[in-house]
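# let me see the structure of the following:
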Amino acid sequence: MAVLPGVGREPPSRQALVRHCGEMEVARREDRRYAYGIWADDELVGTLSLSNVFRGPLQSATLGLWLDRDARGRGIGSDAVALACRSAFALLELHRLDAGVQPGNHASLGALRHNGFTEIGLARGYLLIAGQWTDHLLLERLRE
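Purely as a prediction, here's the structure:
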């Protein structure tokens, strides 16, 4: 089983996964967040989410992607982003998707750019990761 981001170095317990899935289901019903598992060869290899869903005049969400190290470089992330974009624009009827990526994360940047995301700019100290405020490149994609 893959180690999930934000959980620690070990795979989460069954109880933690059940709780997490329940929280994600509530967020989906409330149209706040849509979480997906990424599977390859019958194994969970990553997660993708459409979070910070805003309706009204904004109609946007933030795309988040995480892949297990062994799943990178195989096109799995790019395929997952493509499916998420289709879902966001066709089913959820969003207008805009945003994504933030650490500048050195070439795999995620490639997956996003391959799917029509364009760079907005650098956000300094954007996200707290492992106790460090990290810079992120911000990207966007609009519904075609």
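
# centroid residue for this protein?
residue 64 (1.7 Å; Cα atoms, centre = their mean).

# from residue 93, how far out is the residue nearest to that one when sequence neighbours are not counted?
In space, residue 64 comes closest to residue 49 once its chain neighbours are excluded; the distance is 4.6 Å by Cβ to Cβ, 6 or more residues apart in numbering. Quick note: C-beta positions are derived from backbone N, CA and C, even for glycine. Taking Cβ to Cβ, to the nearest Å as the measure, residue 49 and residue 93 are separated by 18 Å.

# which residues does the residue nearest to the centre of the chain contact?
Shown in contact with residue 64 (Cβ atoms under 8 Å, 6 or more residues apart in numbering): 47, 48, 49, 50, 51, 99.

# using CSV, list the CA coordinates for the helix or strand encompassing it.
Here residue 64, judged by DSSP states H and E, is contained in strand 60-67. Output in CSV follows, covering the C-alpha atoms of strand 60-67 (Å, rounded to 0.1, in the frame of the first residue of the first chain):
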residue,chain,number,x,y,z
SER,A,60,-13.1,27.0,-10.0
ALA,A,61,-11.1,24.4,-8.1
THR,A,62,-7.5,23.5,-7.2
LEU,A,63,-6.1,20.3,-8.6
GLY,A,64,-3.7,18.4,-6.4
LEU,A,65,-1.7,15.3,-7.5
TRP,A,66,0.5,12.9,-5.6
LEU,A,67,2.1,9.8,-7.0
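
# going on from that strand, what's the next piece of helix or strand?
On the C-terminal side of strand 60-67, the nearest following helix or strand under DSSP H and E is helix 76-86.

# strands of this structure, residue ranges please.
34-40, 43-54, 60-67, 96-101, 118-129, 132-142 (DSSP state E).

# that older thread, give the rounded mean pLDDT of the strand holding residue 64.
The average pLDDT within strand 60-67 is 94.

# please apply the same query to stretch 48-56.
pLDDT averaged over stretch 48-56 gives 96.

# returning to that earlier point: tell me which two of the contacts of residue 64 sit farthest apart.
47 and 99 (13.9 Å; Cβ to Cβ).

# and the longest helix along the chain, what other elements does it pack with?
What stands out as the longest helix in the chain, according to DSSP state H, is helix 14-29. Packing partners of helix 14-29 (3 or more Cβ pairs under 8 Å, 6 or more residues apart in numbering; DSSP states H and E): strand 34-40.
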